[in-house]
Structures are given as C-alpha cells and as structure tokens.
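1. Take a look and give me a structure for this.
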Amino acid sequence: MAVRILALAGSIISTCFNKRLLHLSIEAAREEGAEVTFVDLLETRFPHFSFDDEEKSGLPDVAVELKTHLKTHHGLLVAAPEFNGSFCTTLKSAIDWCHRPDSQKRAELGDFQGKVGAILSASKWDHSGFRGLDHLRTVLASVGVTLIPDTVSMPHAREAFTPEWETKDPYYGEEARKTARALVQACRKFQAT
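-> The predicted structure follows:
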C-alpha cells in the first residue's frame, strides 16, 4: 500500500517562505513514492475553535473535510511560520477542530492517533522559527502524532530564496527534502508493524 502524506501549510500569507519550503518537501516525498495531498490553511479559513459553536452547530465543513483527509493519510508534513514566539492561530484552530469527535462521537484522538509527522519552519529572523516549532511539537504530540526527529528550521528566509523560489543555500533545500524522505520511510515502518 502506498504511503499517503497530508501536507499542511499552516500560514495565512499568500506568498510565504514556509509554503515554498513545504513544496520542496512535497516534491521529495513524491519522488520517494508517496501520494501527497496539499492543504493550504489560508484558503480553508478555519474559524477559531469554540465549544459553544461546536455545541450549537457541530463541526464546520472545513473541519469535516480535513478530518476526512486525516482518516485516509498515514503522515503529516506541516509547515508553520512563527508568530510572536508560537505558531499561527489558524493552524491551532485547525488542530483543535479536527481533534473533536465527529457526528458518530468517535474518540477525540482518533483522527490524529497513529499518524507520523514532520514539521518545518522558515523565518525572516535569526531564530528560524524554532520557538514556534517547539510549541507545535507539543501540541501535535498531545493529540497522538508521533513526530520524527528530522525537522527544518530556516533563518533569514527573506534572503534565502531566489526570485524563482529556489533556495540560495542548497543546505536548506536538501534539509527539506531529507526530512520528507525520512517521513515517508517512517510511515512505511509504521505500516509494517
């Protein structure tokens, strides 16, 4: 069975360094033989999570759609820019909504449990997004995702790409590709157990 990877762009900016870094990883995952589904959270417009809204209206359609993807994919590849020392609220809302039970009242962790994940970030600052990745790592682990140790954290992203969106320093492009390959291999190992 082919490995299926769900690639999430956890950003709210149309021209985003993190999306470009994610696409380098997606290319490598496909070259490694994985099927990859790309979801841009900028386009989905997840509402902020609210227990009151959930009780009143149930899950929003965007959450139902993303949960459907989660149920049919083995791995998560998440690009998350850093905002004020953490990751953006759009990504947090997506995780919060998608860990909730669906209409059949399935266990809350069901759609994340057993997934293998990899995370990456690009930042225009020196710290390269690692503070946001620390928070994201904690949140994903709390909902049942097993994260591989490989990760990408690119500093000075504003100067890191050419106008054609290639990485000027081949190190970061290769790190993005290496992380994706490691994720696909880890998913295969999980499938085999």
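2. Helices of the protein, residue ranges please.
-> Counting by DSSP state H, residue ranges of the helices within the chain are 17-31, 41-44, 51-57, 61-72, 89-98, 130-142, 170-192.
3. so which of those gets nearest residue 81?
-> Distance to residue 81, taken as C-beta to C-beta, is lowest for helix 17-31 among those, at 4.7 Å. Where C-beta positions appear, they are placed from N, C-alpha and C, glycine not excepted.
4. by how many degrees do that closest one and helix 170-192 diverge?
-> Interaxial angle, helix 17-31 versus helix 170-192 (axes from the mean of the first three to the mean of the last three C-alpha atoms, to 10 degrees): 50 degrees.
5. Report the central residue of this structure.
-> residue 78 (1.7 Å; C-alpha atoms, centre = their mean).
6. Quick check: the gap between that one and residue 65.
-> From residue 78 across to residue 65, the span is 17 Å (C-beta to C-beta, to the nearest Å).
7. now residue 48
-> From residue 48 to residue 65 the distance is 18 Å (C-beta to C-beta).
8. And the contacts of the worst-scoring helix or strand of the chain on mean pLDDT?
-> Ranked by mean pLDDT, DSSP states H and E, the helix or strand of the chain with the weakest confidence is strand 82-83, at a mean of 81. For strand 82-83, the surrounding residues in contact (C-beta atoms under 8 Å, 6 or more residues apart in numbering) are 89, 121, 123, 125, 127, 129, 131-133.
9. please redo it, this time with the cut-off set to 10 Å
-> 11-12, 18, 88-91, 121-125, 127-136, 153 (C-beta atoms under 10 Å, 6 or more residues apart in numbering).
10. And for stretch 42-49?
-> 8-14, 16, 19, 53, 57, 60-63, 65-66, 88-100.
11. Weed out the non-buried ones from those.
-> Neighbour counting by 16 or more other C-beta atoms under 10 Å classes 8-12, 16, 19, 60, 62-63, 66, 88, 90-100 among these as buried.
12. Residue 113 and residue 192: what is the separation?
-> Distance from residue 113 to residue 192, counting by C-beta to C-beta: 18 Å.
13. which of those two has more neighbours?
-> Per other C-beta atoms under 10 Å, whichever of residue 113 and residue 192 has more neighbours is residue 113, with 14 against 6.
14. Quick check: the more buried one touching residue 143?
-> Yes: Residue 113 lies in contact with residue 143 (C-beta atoms under 10 Å); the separation is 7.8 Å.
15. Now for these two: what residues contact both?
-> Residues touching both residue 113 and residue 143 comprise residue 99, with contact defined as C-beta under 10 Å, 6+ apart.
16. Okay, now the sheet partners of the least confident helix or strand of the chain, with direction.
-> strand 86-87 (antiparallel) (DSSP bridges).
17. Quick one: mean pLDDT over the strand it pairs with.
-> Strand 86-87 comes out with an average pLDDT of 88.
18. I'd like the mean pLDDT over stretch 44-60, please.
-> 90.
19. Quick check: buried residues in it?
-> 44, 46, 49, 54, 59-60.
20. Nearest to residue 27 among these?
-> Ranked by distance to residue 27 (C-beta to C-beta), those are led by residue 44 at 22.3 Å.
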